[in-house]
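Enquirer: following is a predicted model, sequence given first.
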Amino acid sequence: MTITSGTRTFGEYLKQWRSRRRLSQLKFSLESGISQKHLSFIEVGRSSPSREMVIHLTECLEIPLRERNTMLLAAGYAPLYPARELDDPTLQPARAAIRLLLKGHEPFPALAVDRHWTMIDANRVIPLLFTGLSDPALLTPPINVLRLSLHPNGLAPHIVNLSEWRMHLLRRLGHQINVTGDEVLMRLMDELQAYPCEVIRETSPQIAHDYSDVFVPMELTTPLGRLSFFSTTTVFGTPLDVTLSELAIESFFPANNETRRILVEIDQQQ
């Protein structure tokens with residue numbers, strides 16, 4: 001009999017993740033190298049997988065490390081991947097690497113977030129973008145970056161292309177939900193979708209930019225001037241720790257020469 005974690009069996013978890021990846025039993029059996037009959041027996045609980053089989057199947061489905069631990073428990077095995085706090089001494093090299101990346105990106109903004117988009121670190125440029133918010137409580141830790149970006153009392157009133165940027169963020173969040181099945185992110189999605197989306201009305205002439213469909217910029221009005229950014233995401237390449245696997249660094253690059261000039265001049269004055 002398959003040992004359960006809570007009320008769910010390993011087979012139930014496996015079937016759910018296979019369905020989430022839009023794989024039929026036949027296709028997944030071919031990709032994982034086991035027979036469809038054996039896979040079917042595992043999913044319905046007629047066959048108990050070995051620890052090695054659990055690891056193999058969860059790797060084939062690219063299941064997040066946190067959920068792999070849950071499935072190991074459901075199959076009757078001890079968790080394989082540790083989940084240490086960021087201040088754990090063994091993670092200090094990784095934390096130092098994050099600080100190095102954030103600092104090295106100056107004079108442009110960069111921040112680090114966890115799996116729920118909570119900001120865990122940022123370089124000294126980030127606070128410059130947060131001035132003038134009508135609700136300072138949004139900057140009280142823990143700060144959720146997506147909430148701060150799209151909340152009507154957050155950055156949203158200052159984002160010129162709010163509709164476009166909002167769609168971009170919600171698509172990213174939707175993809176993350178599809179990959180992880182995280183219920184906290186699902187609730188966050190419901191919250192963000194309920195926010196109004198009112199595009200800023202500027203009295204000054206609009207500045208046209210042709211990005212040739214290369215990226216979605218964030219056009220932001222700030223006390224420093226109008227800034228335009230595109231972003232990249234950096235993750236750890238081969239993490240074996242749950243916490244590290246869920247960290248991401250969001251780096252913002254100037255999307256035009258004016259943004260670059262403004263931030264470089266400010267950096268030189270400091």
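Expert: Ah, there it is. Numbers count the residues shown, from 1 in each chain.
Enquirer: test my guess that E164 contacts V216.
Expert: Yes. When contacts are counted by CB atoms under 8 Å, E164 is listed as touching V216 (6.1 Å). In this view, the C-beta of every residue, glycine as well, is placed from N, C-alpha and C.
Enquirer: so for those two, which sits in the more crowded spot?
Expert: Shown here are E164 and V216; by other CB atoms under 10 Å, V216 has more neighbours (17 against 14).
Enquirer: for that one, helix, strand, or coil?
Expert: Under DSSP: H, G, I helix; E, B strand; the rest coil, the three-state class of V216 is coil.
Enquirer: not counting its neighbours along the chain, what's nearest it?
Expert: H168 (4.3 Å; CB to CB, 6 or more residues apart in numbering).
Enquirer: local confidence estimate at the one you found?
Expert: For H168, the model assigns a pLDDT of 94.
Enquirer: measure it to G174 for me?
Expert: 11 Å (CB to CB, to the nearest Å).
Enquirer: quick one on the thing from earlier: which helix or strand contains the residue nearest to V216?
Expert: In the assignment (DSSP states H and E), H168 maps to helix 162-180.
Enquirer: in the helix or strand just after that helix, what counts as buried?
Expert: As assigned by DSSP H and E, the chain's next helix or strand after helix 162-180 is helix 183-193. For helix 183-193, burial by neighbour count (16 or more other CB atoms under 10 Å) applies to L185, L188, M189, L192.
Enquirer: go through these and name the one nearest P152.
Expert: When the buried residues of helix 183-193 are compared for distance to P152 (CB to CB), L192 wins out at 11.2 Å.
Enquirer: pull up the pairing partners for the lengthiest strand in the chain, direction included.
Expert: If you go by DSSP state E, the chain has its longest strand at strand 225-234. When pairing is defined by DSSP bridges, strand 225-234 lines up against strand 218-222 (antiparallel), strand 248-254 (antiparallel).
Enquirer: give me the buried positions along that strand.
Expert: R226, L227, S228, F229, S231, T234.
Enquirer: repeat that for stretch 259-270.
Expert: Buried-residue list, stretch 259-270, by 16+ other CB under 10 Å: T259, R260, I262, L263.
Enquirer: list the ones among those residues that fall in helices.
Expert: Under the assignment DSSP state H, those contribute T259, R260, I262, L263 to helices.
Enquirer: and the first one, how far is that from M167?
Expert: Applying CB to CB, one obtains 22 Å for the distance of T259 from M167.
Enquirer: again, but for E219
Expert: If you go by CB to CB, the gap between E219 and M167 works out to 14 Å.
Enquirer: ditto for Y13
Expert: On the measure of CB to CB, Y13 and M167 end up 32 Å apart.
Enquirer: kindly report the same for F230.
Expert: 15 Å.
Enquirer: re earlier: which residues does the longest strand of the chain contact?
Expert: With contacts defined as CB atoms under 8 Å, 6 or more residues apart in numbering, strand 225-234 is touched by 101, 108-109, 129, 160, 207, 209, 211, 214-221, 248-256, 258-259, 262-263.
Enquirer: now with 6 Å, please.
Expert: 215, 217-220, 248-253, 255-256, 259, 262 (CB atoms under 6 Å, 6 or more residues apart in numbering).
Enquirer: with just CA atoms, put the next helix or strand after it into PDB.
Expert: Downstream of strand 225-234, the first helix or strand assigned by DSSP H and E is helix 242-245. Taking C-alpha atoms only, helix 242-245 is exported to PDB below (Å, rounded to 0.1, in the frame of the first residue of the first chain):
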ATOM      1  CA  VAL A 242      14.600  24.300  -1.800                       C
ATOM      2  CA  THR A 243      15.100  27.900  -0.800                       C
ATOM      3  CA  LEU A 244      17.800  28.600  -3.400                       C
ATOM      4  CA  SER A 245      15.700  27.000  -6.100                       C
END
